[in-house]
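K.L.:
Mind looking at a prediction? Sequence and model below.
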Amino acid sequence: MDENKLRLTSSEIGTLWGEYVNGTMTDVVNRYMISIIEDEAIKAIFKDAIKTFGKQKQQIVAFMENEGFPIPIGFNDSDLFKGKPRLFTDIFCLNYLHIMALHGLLGHSTALGVSVRKDLRDFYDSCDNDAKKMYHKTIELLLEKGNFQRDPLFYPAKNPEYVTGKDFTDGFFGKGRKLAATEIISISFNLKKSIMAKTLSIAFSQVAQTKEVRKFLTDTEKTSDGQIKSFSKIMQADNLPVPKSWETEVTTSTDSPFSDKLMLYHIGFLFQAAQNYHGAGLASAMRTDLVTAYESTILKNLIVTKKWFNIMVQNKWLEQPPLAPNRKEIAKEV
């Protein structure tokens, strides 16, 4: 059997749809950033990112058209207001590209995991390789410029040990034991994501054109700040450093380079994606204070995404993904 002649499954179509919508959103932001970046080394990486997505976009379109599915609207030139003043510093732009490359790595891996057709698996393999290259490039340049903050360092114990008591689950609210290296993974990762969400919320709230969107963005800035403080407190209690904030990398411009639709969608995307990372953190947490922090964060994010959904729908900005056939409605038409 020719695998490439198999019809794409619902999961395969769903990943292509998501890759297109999220990819076009990031591409619009990247095209704005490259227009304001002065550092030639950073600009070169953005040129690669824009070129890479252009290639991927053509392949996604071909896959969907061959299956007879309409191409999503996504985001395009109508969401980018050219010639607007600088909203971000060059270093923030590089950090942004690094974080979005991380999102790409995780997204492509998930898409590959539900793909069966060989041509689609090959496509996601190439997307994954592209994301890996971008991940390496952004880290190397951030290190070169002295702007990459590594996770805390631990000192080795003399021998491996077993957990010997139930108090292992106590955090600084109980008898206390220090954070485990396995717990630091998610804490540090989630802190960096929350810092990105807070910084973008600040920037977007400055330039949003409608009161409703501006109010939502100021609320998400406060929500992100609360999450940063919650996890920073846990890290600092063990005398561990936390990632630095990026608020000072946002200028005072109030002239928007993006549509409200794009900015609102972008923040919603970050909060929805964060639920996966917070869930992973909850699964790896072995201290009661960490479990409480993750549960609280997940609940607050659900409240944010509900508000986001309502605003997106009211403004007719939320594009509908492909749906399963409604058999009851079809039966009525017969």
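P.N.:
Happy to help now that I have it.

K.L.:
which stretches of the stretch 201-334 of the chain form helices?
P.N.:
Secondary structure of the stretch 201-334 of the chain by DSSP state H, counting those that start in this stretch: the helices cover 211-237, 260-284, 288-314, 327-333.

K.L.:
domain ranges for the chain?
P.N.:
7-144, 177-314 (automatic domain parsing).

K.L.:
Quick one, which of the ones you listed gets closest to residue 159.
P.N.:
Closest to residue 159 of these is domain 177-314 (Cβ to Cβ; 15.7 Å). Yep, even glycine has a C-beta here, placed from its N, CA and C like the rest.

K.L.:
model confidence over the closest one, on average?
P.N.:
What domain 177-314 shows for mean pLDDT is 94.

K.L.:
residues in contact with stretch 76-84?
P.N.:
For stretch 76-84, contacts defined as Cβ atoms under 8 Å, 6 or more residues apart in numbering pick out 24, 28, 31-32, 35, 253, 255-259, 261-262.

K.L.:
Tell me which of these fall in strands.
P.N.:
Using DSSP state E, no member of those falls within strands.

K.L.:
Quick one, grab the pLDDT at residue 43.
P.N.:
With respect to pLDDT, residue 43 scores 98.

K.L.:
same thing with the one 5 residues further on?
P.N.:
In this prediction, residue 48 carries a pLDDT score of 97.

K.L.:
list the contacts for it?
P.N.:
Contacts for residue 48 (Cβ under 8 Å, 6+ apart) come out as 133, 134, 137.

K.L.:
Give me the angle between the one helix or strand residue 100 maps to and helix 260-284.
P.N.:
Using DSSP states H and E, residue 100 sits in helix 90-113. If you take axes from the mean of the first three to the mean of the last three Cα atoms, to 10 degrees, helix 90-113 sits at 70 degrees to helix 260-284.

K.L.:
Please renumber the chain so that the first residue is 368 from this point on.
P.N.:
Got it, first residue is 368 now, which makes that one helix 457-480.

K.L.:
mind listing what's buried in helix 457-480?
P.N.:
Using 16 or more other Cβ atoms under 10 Å as the test for burial, helix 457-480 gives 457-472, 474-475, 478-479.

K.L.:
And for stretch 615-623?
P.N.:
For stretch 615-623, burial by neighbour count (16+ other Cβ under 10 Å) applies to 616, 617, 623.

K.L.:
who touches stretch 501-514?
P.N.:
Here stretch 501-514 makes contact (Cβ under 8 Å, 6+ apart) with 408-409, 412, 415-416, 419, 458, 461-462, 464-465, 468-469, 471-472, 515.

K.L.:
So what's the gap between it and the chain middle?
P.N.:
Distance, stretch centre to chain centre, for stretch 501-514: 18 Å (Cα atoms, centre = their mean, to the nearest Å).

K.L.:
Show the contacting residues for the residue lying closest to residue 492 once chain neighbours are set aside.
P.N.:
Leaving aside its sequence neighbours, residue 492 sits nearest to residue 479 (Cβ to Cβ, 6 or more residues apart in numbering; 6.9 Å). Contact analysis of residue 479 by Cβ under 8 Å, 6+ apart lists 488, 491, 492, 495.

K.L.:
Columns distance to residue 668 on top of the contacts of stretch 443-451, output as a markdown table?
P.N.:
Below are the contacts of stretch 443-451 laid out as a markdown table (distance: Cβ to Cβ, whole Å):
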| residue | distance to residue 668 |
| --- | --- |
| 391 | 24 |
| 395 | 24 |
| 398 | 29 |
| 399 | 27 |
| 402 | 32 |
| 620 | 28 |
| 622 | 30 |
| 623 | 25 |
| 624 | 27 |
| 625 | 23 |
| 626 | 24 |
| 628 | 21 |
| 629 | 20 |
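
K.L.:
Show me how to select, in ChimeraX, the buried members of those residues.
P.N.:
Restricted to buried positions by 16+ other Cβ under 10 Å, the ChimeraX selection for the contacts of stretch 443-451 reads:
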select :391,395,398,399,623,624,625,626,628,629
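
K.L.:
from the contacts of stretch 443-451, which two are the most distant?
P.N.:
Longest span within the contacts of stretch 443-451, Cβ to Cβ: 391 and 620, 23.7 Å.

K.L.:
Just give me the neighbour total for residue 524.
P.N.:
When neighbours are defined as other Cβ atoms under 10 Å, residue 524 has 7 of them.

K.L.:
Please report the distance of it from residue 691.
P.N.:
According to Cβ to Cβ, to the nearest Å, residue 524 and residue 691 sit 53 Å apart.

K.L.:
Repeat that for residue 648.
P.N.:
Distance of residue 648 to residue 691, given as Cβ to Cβ: 32 Å.
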